[in-house]
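Asker: I need the structure of the sequence given here:
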Amino acid sequence: MGHDHSHSHGLSASATGTAKHRKRLIAVLGITLAVVLIQVVGAAVSGSLALLADAGHMLSDAAGVSIALLAAWIASRPASDQRTYGYQRAEVLAALANALVLIVISVVIFTEALRRLGAAPEVRTDVMLYAAILGAVANLVSLLILRGAQKESLNVRGAYLEVLGDLLGSFAVIVAALVIIFTGFHAADTIASILIAVMILPRAWHLLRDVVDVLLEATPKGVEVQMIREHILSVAGVVSVHDIHIWTITSGVPVFSAHVVVKDDVLSARGADQVLDRLASCLGSHFDTEHCTFQLEPASHSAHEAHQHA
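Answerer: Just a heads-up that it's a prediction; the model follows:
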């Protein structure tokens, strides 16, 4: 006997983490693109590789946010018979692309920096310093915009982590400029670009790992299957539970299913409804699951199945 019981039947586009924070992402995208333009001009005028690396990183961030916004729009398309969950996984694929872009950018920056280590050119430190300070201020504003939303969406979190890396990158450029001004050590610019490349990789790895967890339908972080099992078993009339599956369609859309064995006399129309209400209430109040499916099985049938498979 299969029953679907949920606090929110179906999966609406507004449920996705990215869609809820689209305006924040648009604001960050505008700020980022403006700073990229300024830093590219500044890098061309000053000859700073570190500033160009920071601009390249910010450009990758802008691309990542654009992908996230595009994915949110795609994910808003309704479900169909061919795609029963709609296009909500598009957001996860966008986060995957975001992580891969970060890795490529870091490798390119690192390679160019190594090539310049032997012969560091002179840099116009005034332009380098002013552009880096402007980038740091813009990144700080973007962080404040995204801070409250980054726990609800992989894409928003990816954007948040990228902006955080940009802020650290801007600080590295500022320090490099000051070192050159006060010591004349021009290799500081190249060293700062290497540091920026190194800072990108761990963030890209963490984002990639989270995306892979979603694509492999791993249990969402913070959800303890044993605790869920204990709560289900505490519902009156429930004998046992098996085939528990918990996964994530996309950020903000966790899904749960289980086969629940109940006493035979519970499966009257009224009894089944009561059990389903209790199960959904228990699961929803303790685990914030948006969409849950319970298949109720009479104890006698379950025992028959166990005997057949023995």
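Asker: and T293, what helix or strand is that in?
Answerer: According to DSSP states H and E, T293 maps onto strand 291-298.
Asker: same question for that strand: list its buried residues.
Answerer: Residues H291, C292, F294, L296, E297, P298 are the ones in strand 291-298 that count as buried (16 or more other CB atoms under 10 Å). (Glycine included, C-beta is placed from N, CA and C.)
Asker: if you count contacts, what does it end up packed against?
Answerer: In terms of contacts (3 or more CB pairs under 8 Å, 6 or more residues apart in numbering; DSSP states H and E), strand 291-298 is packed against strand 2-4, strand 253-262, helix 269-287.
Asker: just to revisit the earlier point, between the buried residues of strand 291-298, which is nearest A272?
Answerer: L296 (6.0 Å; CB to CB).
Asker: out of the buried residues of strand 291-298, flag the one nearest to S46.
Answerer: Nearest to S46 among those, with distances taken as CB to CB, is H291, at 53.3 Å.
Asker: that closest one bridge partners, please.
Answerer: Beta-bridge partners for H291, by DSSP bridges, are V255.
Asker: separation between it and Y160?
Answerer: To Y160, H291 is 26 Å away according to CB to CB, to the nearest Å.
Asker: now V173
Answerer: Distance from V173 to Y160, by CB to CB: 21 Å.
Asker: A helix includes P220, no?
Answerer: No. Per DSSP: H, G, I helix; E, B strand; the rest coil, P220 lies outside any helix segment and is coil.
Asker: count of neighbours near it?
Answerer: Neighbourhood size, P220 [other CB atoms under 10 Å]: 17.
Asker: the nearest residue to V41 once chain neighbours are set aside sits in which helix or strand?
Answerer: For V41, ignoring the flanking residues on the chain, the nearest one in space by CB to CB, 6 or more residues apart in numbering is A131 at 8.0 Å. If you go by DSSP H and E, A131 is part of helix 125-146.
Asker: and for that helix, what are the contacting residues?
Answerer: With contacts defined as CB atoms under 8 Å, 6 or more residues apart in numbering, helix 125-146 is touched by 21, 24-25, 27-28, 31-32, 34-35, 38-39, 41-43, 45-46, 48, 50-51, 54, 58, 156, 159-160, 163-164, 166-167, 169-171, 173-174, 176-178, 180-181, 189.
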